[in-house]
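In: mind looking at a prediction? Sequence and model below.
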Amino acid sequence: MSSSIRRIKAGLAATGAAVAVLALAPGGASAACGSSGGINPGGSSACAPMGKARLVRGKAIAPAGAPARVKAVIAAANRIRTKPYVWGGGHGRWEDNGYDCSGSVSYALHGGDFLSSPLPSGPLESWGRRGNGRWISVYANSGHAYAVIAGLRWDTSMTPGDGPGWSKQMRSASGYVARHPRGY
């Protein structure tokens, strides 16, 4: 057998193995999405969601193919998107008069049943799994937290209004720890 045919057969075998690994990954995510892949604030990658949410008059519209829990996260965030920024808001109770950064991220995650109680930004640094997710990535440090959900940024800064909101514009993730819910 010629060396070129052996290379072609080896390439086909490797492609088949890669497809098998991708098919078995949880939540439809690729095997690499849980560690260093995922939605990159500076662009996209192979771990990006199959579809991106749309932004219509300040409200996020989940892609049709998004998992139900991702749609629930987006719906929860939409419920509080017109609330004002209130430091500590959303930490004493889920339904509050306003929300701070981590309170709004916690509220959205709670909507998808990813959190049972709110977390401040510091503890969000160790919540979930390390790295970016395919559908949901939470960025946290000791002073701020925001999320990228189905390709839109959910944040309390650099968004329209005086509280939590959606933006198509990404921000630098420098100085933040990226975390995600397993399989998402």
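Out: Nice, thanks for sending it over.
In: am I right that residue 77 is in a helix?
Out: Yes. The assignment for residue 77, made by DSSP: H, G, I helix; E, B strand; the rest coil, places it in a helix.
In: OK, contacts around it?
Out: Counting by Cβ atoms under 8 Å, 6 or more residues apart in numbering, residue 77 touches 60, 104, 107-108, 111, 149, 154, 164, 166. In short, each C-beta sits where N, CA and C put it, glycine included.
In: from residue 115, how far out is it?
Out: Counting by Cβ to Cβ, to the nearest Å, the separation of residue 77 from residue 115 is 13 Å.
In: low-confidence stretches in the protein?
Out: Within the chain, the segments meeting pLDDT under 70 span 1-50.
In: circling back to that earlier point, quick one: buried ones out of the contacts of residue 77?
Out: For the contacts of residue 77, a burial check counting by 16 or more other Cβ atoms under 10 Å picks out 60, 104, 107-108, 111, 149, 154, 164, 166.
In: grab the nearest non-local neighbour of the residue most central in space within the chain.
Out: Most central in the chain under Cα atoms, centre = their mean is residue 136, positioned 1.6 Å from the mean C-alpha point. Excluding its sequence neighbours, the residue lying closest to residue 136 (Cβ to Cβ, 6 or more residues apart in numbering) is residue 184, at 4.9 Å.
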